[in-house]
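> Have a look at this prediction, sequence included:
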Amino acid sequence: MLFKLEEILKWIGITAFEVWLHLVSVFVFSFLAVFKYEGLIHCTWYEAFIPLFICDGLCAYFVIIVYIRMYRDRSSVIRLLSSLLSVVLLFVFKVLLCQKLSKEKIITYSEVMVPLFALVVIVMFRSCHNNS
Amino acid sequence: MAILHRSLFTCFSLLAFLILLALKLDKKVKWNWFLVFIPMWIFDAVIVIYITFKMIAQCKNRYNSGQVSMTRKVCYMSFVLLKMSFQVILCMKLEYYNEEISMYYAMVPFWMFFIFVISDVSHGLWRIATRDISMCGR
């Protein structure tokens, strides 16, 4: 729409497969969440979040595999850290959201969204860095 | 617009939307849901204007192979319209008709939007993969 796929990959610094994986996991999760919201299925929120957690696990796995394959390259460490940081931030956000929805902990939505705020700010700085 | 402007604009509108959403969900403010979605409305409007300008520019000038084709631009426009309709139905459900509108109706445009986006990304993935294989073969 506003971006071509190549531009998004260059901007966010992830591979096309990771984008595809995130999209599919959110798609599957949206079905589970709506069915749970409407009372069609009876599962815990942790079970509804399983597609998202699987996606995070696969992304972390691919990041580590790419690092192992190019570990002699100096830039690989920076790539590993930046990719792992975004995966960890997304994972923390999902776990906090899950805990909030399950009413396990008394936290506000502002606290739940802190990892997302951090991620958006990081992406913002990255877009400036890529263009400089 | 250069890619820097587009990416910064996306980040700013997303950040503003998330802040407003967090405030609304924590019940710190008692705004209408349509007001909370203002950053998204602005974002969608800019995308629609951007695609329209690109379409007009393509009609006036000659088409070259590096450009996105007209069919694809029409598809992108329909993506944006689906996203906007999802947001409108969701806002109406949350604000006025919580009981009347089922969540399934609100999610239908979202699911259609996602199916189109996933197929577009799959096509892009396929294109990148075949290009890499052909480059390795040389």
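All right, it came through fine. Numbering: from 1, shown residues only, chains lettered A, B, ... in the order given.
> Burial check on B:Val88, number of neighbours?
By other CB atoms under 10 Å in any protein chain shown, the residues close to B:Val88 number 15. To be clear about C-beta, it is placed using only N, CA and C from the backbone, and glycine gets the same treatment.
> Check A:Leu119 too.
Residues near A:Leu119, counting by other CB under 10 Å: 19.
> mind checking pLDDT for it?
You'll see A:Leu119 listed with a pLDDT of 90.
> out of everything not next to it in sequence, what's closest to it?
Closest residue to A:Leu119 apart from its sequence neighbours, by CB to CB, 6 or more residues apart in numbering or on different chains: A:Leu89 at 4.6 Å.
> What does B:Ile49 show for phi and psi?
When read as degrees, to the nearest 10, the backbone of B:Ile49 gives phi -60, psi -40.
> what do you get for B:His123?
phi -60, psi -40.
> which element is the spatially most central residue of chain B on?
Geometric centre of chain B, nearest residue: B:Val80, 4.8 Å, by CA atoms, centre = their mean. Using DSSP states H and E, B:Val80 falls within helix B:70-95.
> what's the average pLDDT for that helix?
Across helix B:70-95, the average pLDDT comes to 87.
> Return the residues in contact with the residue nearest to the centre of chain B.
A:1, B:44, B:47-48, B:51 (CB atoms under 8 Å, 6 or more residues apart in numbering or on different chains).
> Then A:Ala16?
Contacts of A:Ala16 by CB under 8 Å, 6+ apart are A:5, A:9, B:121, B:124-125, B:128.
> how about the helices of chain B, start to end?
With DSSP state H, the ranges of helices along chain B come out as B:3-25, B:33-36, B:38-60, B:70-95, B:103-137.
> Please identify the buried residues of the helix holding B:Val80?
Buried residues in helix B:70-95, counted by 16 or more other CB atoms under 10 Å in any protein chain shown: B:73, B:76-77, B:79-80, B:82-87, B:89-94.
> Equivalent analysis for stretch A:37-57, please.
Going by neighbour count (16+ other CB under 10 Å), the buried part of stretch A:37-57 is A:45, A:48-49, A:51-53, A:55-56.
> again with stretch B:35-44
Of the residues in stretch B:35-44, B:36-37, B:39-41, B:43-44 count as buried by neighbour count, 16+ other CB under 10 Å.
> ditto for stretch B:16-29
B:17-18, B:20-22, B:24.
> again with stretch A:95-113
Neighbour-count burial for stretch A:95-113 [16+ other CB under 10 Å]: A:95-101, A:109-110, A:112-113.
> could those residues go into a markdown table alongside pLDDT?
As requested, the buried residues of stretch A:95-113 are arranged in a markdown table below (pLDDT from 0 to 100):
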| residue | pLDDT |
| --- | --- |
| A:Val95 | 90 |
| A:Leu96 | 90 |
| A:Leu97 | 90 |
| A:Cys98 | 89 |
| A:Gln99 | 88 |
| A:Lys100 | 88 |
| A:Leu101 | 86 |
| A:Tyr109 | 86 |
| A:Ser110 | 86 |
| A:Val112 | 88 |
| A:Met113 | 89 |
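> near chain B too, which of these?
Filtering the buried residues of stretch A:95-113 for proximity to chain B by CB under 8 Å from any CB of the partner chain leaves A:109-110, A:112-113.
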